[in-house]
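Peer 1: coordinates for the following, if possible.
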Amino acid sequence: MVRLHVKRGGESQFLLEAPGSARLAELAPLAARIHNGRLKVQRLCSEMEELAEHGISLPYNMQGLTDEQIEELKLKDEWAEKCVPSGGSVFRKDEMGRRNGFAPNEKMQQVIKKTIEEAKALISKAGLEVIKESEAQLWWAGKQLEETKLLSDYVGKNEKTTIIVKIQKKGQGAPGREPVISHEEQKEMMLYYYRKQEELKKLEEEDDDSFLNAEWADNHALKRQFHGVKDIKWGPR
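Peer 2: Down below sits the predicted model:
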């Protein structure tokens, strides 16, 4: 199976394995389906966090209204009696006026929060833009992977290949290429050259001539080495 490291822009999204014989007309929509599914999970997690804090959503015609306005308009939350939290509720008023304030008890909150953590761990990173399956395109090495071809037409017959592909909407043009060096390598190089500049600056400021004591600066060192009299010490040992 060929492993595809799918990215959106410069952000890693997920890994997808497919045989080299996979048709790209089917592979691009599959990548879009996974991408969009991850977005749904992300939105569900966000709503579950609110659910744990402030209970279920109010009906749309009650959201954002004050208690006085709700009473004056004689509106009623019909779902409040049907969706009672298991184990009882704790009232926590939603200042945004989107939820009814009847949050689940502490034990149930922990169950919800643990579920959120597990779901987020599975999807890791996710983008923010939904891509229709019919509009999805895959790019690799600056080339658009044409729908009429097979994956093996681009990566060869090696089923153990790993490639980085980018998912893009049709008509958006080519995504940015992968950097030649990683961000960490770039930081290391910048730090190295910064240190070299600091060393040179220090030498210039001190007008350093200590190099004259170095062996390579001795005009007679090579001559002594040829005559076999290098490193002779005088006096008792």
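Peer 1: which residues in the chain form strands?
Peer 2: Here the chain has its strands, by DSSP state E, at 2-8, 11-18, 89-91, 102-104, 136-140, 143-144, 162-169.
Peer 1: mean pLDDT, distance to residue 189 and mean neighbour count added to these, as CSV?
Peer 2: For glycine as for every other residue, the C-beta is placed from the backbone atoms N, C-alpha and C. CSV is the format used below for the strands of the chain (pLDDT from 0 to 100; distance: least, CB to CB, whole Å; neighbours: other CB atoms under 10 Å):
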stretch, mean pLDDT, distance to residue 189, mean neighbour count
strand 2-8, 86, 23, 20
strand 11-18, 84, 23, 16
strand 89-91, 92, 55, 14
strand 102-104, 94, 52, 22
strand 136-140, 87, 27, 21
strand 143-144, 86, 29, 12
strand 162-169, 86, 22, 18
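Peer 1: let's have the ones you listed in CSV, adding distance to residue 70.
Peer 2: Shown next, in CSV, are the strands of the chain (distance: least, CB to CB, whole Å):
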stretch, distance to residue 70
strand 2-8, 42
strand 11-18, 43
strand 89-91, 16
strand 102-104, 15
strand 136-140, 44
strand 143-144, 54
strand 162-169, 43
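Peer 1: which stretch among these comes nearest residue 197?
Peer 2: Closest approach to residue 197 among the strands of the chain (CB to CB): strand 11-18, 33.2 Å.
Peer 1: what lies in contact with that closest one?
Peer 2: 1-7, 27, 30-31, 34-35, 38, 123-127, 151, 167 (CB atoms under 8 Å, 6 or more residues apart in numbering).
Peer 1: do the same with stretch 67-82
Peer 2: If you take CB under 8 Å, 6+ apart as the criterion, stretch 67-82 is touched by 56, 58-59, 61-62, 65, 100, 102.
Peer 1: are any of those buried, and which?
Peer 2: With neighbours counted by 16 or more other CB atoms under 10 Å, those contain buried members at 56, 58, 62, 100, 102.
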